[in-house]
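Chemist: any chance you could fold what I've pasted below:
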Amino acid sequence: MKKLIFTLILAGSVVFGRAGDFFSQADGFFAKNVQEGRVAYAAIHQDQKQLDALLKEIAAFDLKNADDKTKKAFMINAYNILAIKGIVDRYPVKSPMKVSNFFDARNYTVAGEKLSLNQLEKEKLYPFANDPRLHFVLVCAAVSCPRLASFAYTPDKVEDQIEATTRETLNDAEFIRVKGQKVEVSEIFRWYEGDFKKGGRSVLAYIDQYRNEKLPDKARLGYYTYNWNLNTQEK
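Modeler: Reported below is the predicted structural model:
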């Protein structure tokens with residue numbers, strides 16, 4: 001009996017250790033290569049050892065035995081890392097839209113399963129998490145995306161991290177552009193309108209709940225054109 005208990009504890013420690021390794025490595029990767037939301041694609045392309053190590057962790061990650069917070073944090077980080085991988089594989093490239101099937105090619109192994117970026121986002125993460133705030137933490141390698149975090153989302157902090165990122169994004173004057181009574185917002189709010197209008201609220205009401213300075217009472221909603229240029233540090 002004691003031997004069985006020891007074996008179970010040891011197995012659990014191995015799973016936790018692998019997960020911990022992934023989050024620690026991801027945190028170091030983002031800290032090194034992301035500054036003010038911009039990515040050092042040229043530097044990553046030149047030396048891909050850190051990225052390659054993360055791809056192995058993503059491929060081998062055990063989602064079956066993970067709790068919900070671990071799953072959520074893992075899939076957010078995996079998406080952001082794989083988006084970077086998609087650019088690095090074609091670098092130099094000026095936009096993710098210049099890469100054929102950037103979002104739909106099943107190029108990546110995620111927890112033992114072949115997935116595209118869209119499948120990871122729309123078939124795995126969103127149905128599981130059902131959280132509109134995810135639109136502000138998943139970053140698709142473009143200038144008009146929300147700023148990519150320079151840290152990894154971790155199971156113990158993931159909810160607080162998502163909340164903080166959402167508040168930061170929705171208070172960013174470049175992301176939410178207030179001009180008198182007109183409020184121009186990212187086309188993300190058009191593409192995923194249903195996510196933000198749950199419960200009968202408006203898009204502006206969703207945004208306003210996170211604002212430090214509230215939107216005008218009679219604000220008119222508009223959308224600025226999405227800038228698909230690469231969110232790169234290089235000029």
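
Chemist: pLDDT score for Leu8?
Modeler: On the pLDDT scale, Leu8 is placed at 39.

Chemist: how about the helices in the protein?
Modeler: 2-33, 41-46, 49-60, 68-88, 117-118, 126-129, 158-170, 188-191, 193-196, 203-208 (DSSP state H).

Chemist: looking at the ones you listed, which one is packed in the most?
Modeler: helix 68-88 (a mean of 23; mean count of other C-beta atoms under 10 Å). All C-beta atoms are positioned from the backbone trio N, CA, C, and that covers glycine.

Chemist: distance from it to the middle of the chain?
Modeler: Here helix 68-88 shows a centroid-to-chain-centroid distance of 6 Å under the convention C-alpha atoms, centre = their mean, to the nearest Å.

Chemist: cool, stretch 168-178 as well?
Modeler: Worked out by C-alpha atoms, centre = their mean, stretch 168-178 lies 18 Å from the chain centre.

Chemist: measure that stretch end to end?
Modeler: In terms of C-alpha to C-alpha, to the nearest Å, the two terminal residues of stretch 168-178 are separated by 15 Å.

Chemist: number of residues surrounding the nearest residue to Asn171 once chain neighbours are set aside?
Modeler: In space, and not counting its chain neighbours, Asn171 is closest to Asn212: 5.4 Å by C-beta to C-beta, 6 or more residues apart in numbering. By the measure other C-beta atoms under 10 Å, the count of residues near Asn212 is 7.

Chemist: now Lys235
Modeler: 3.

Chemist: do Val34 as well
Modeler: So Val34, with other C-beta under 10 Å, has 21 neighbours.

Chemist: OK, contacts around it?
Modeler: Ala40, Leu148, Ala149, Ser150 (C-beta atoms under 8 Å, 6 or more residues apart in numbering).

Chemist: please repeat the previous calculation with a cut-off of 6 Å.
Modeler: Counting by C-beta atoms under 6 Å, 6 or more residues apart in numbering, Val34 makes contact with Leu148, Ser150.

Chemist: same check, this time on the one 4 residues further on
Modeler: For Arg38, the set of contacting residues under the criterion of C-beta under 6 Å, 6+ apart consists of Asn231, Gln233.

Chemist: just the one 3 residues further on next, same as before
Modeler: Taking C-beta under 6 Å, 6+ apart as the definition of contact, the neighbours of Tyr41 are Ile87, Tyr91, Thr232.

Chemist: and what of Leu54?
Modeler: Shown in contact with Leu54 (C-beta under 6 Å, 6+ apart): Gln25, Phe29, Ile81.

Chemist: which of those lies closest to Leu204?
Modeler: Of all the contacts of Leu54, Leu204 sits closest to Ile81, with 32.9 Å by C-beta to C-beta.

Chemist: chain neighbours aside, what residue packs nearest to the closest one?
Modeler: With sequence-adjacent residues excluded and distances taken as C-beta to C-beta, 6+ apart, Ile81 is closest to Leu54, at 5.4 Å.

Chemist: who's in contact with the residue nearest in space to the middle of the chain?
Modeler: Closest to where the C-alpha atoms of the chain average out (C-alpha atoms, centre = their mean) is Leu138, at 2.3 Å. Applying C-beta under 6 Å, 6+ apart, one finds that Leu138 lies in contact with Tyr79.

Chemist: one more time with 8 Å
Modeler: By C-beta under 8 Å, 6+ apart, the contact list for Leu138 reads Ile76, Tyr79, Asn80, Glu121, Leu125.
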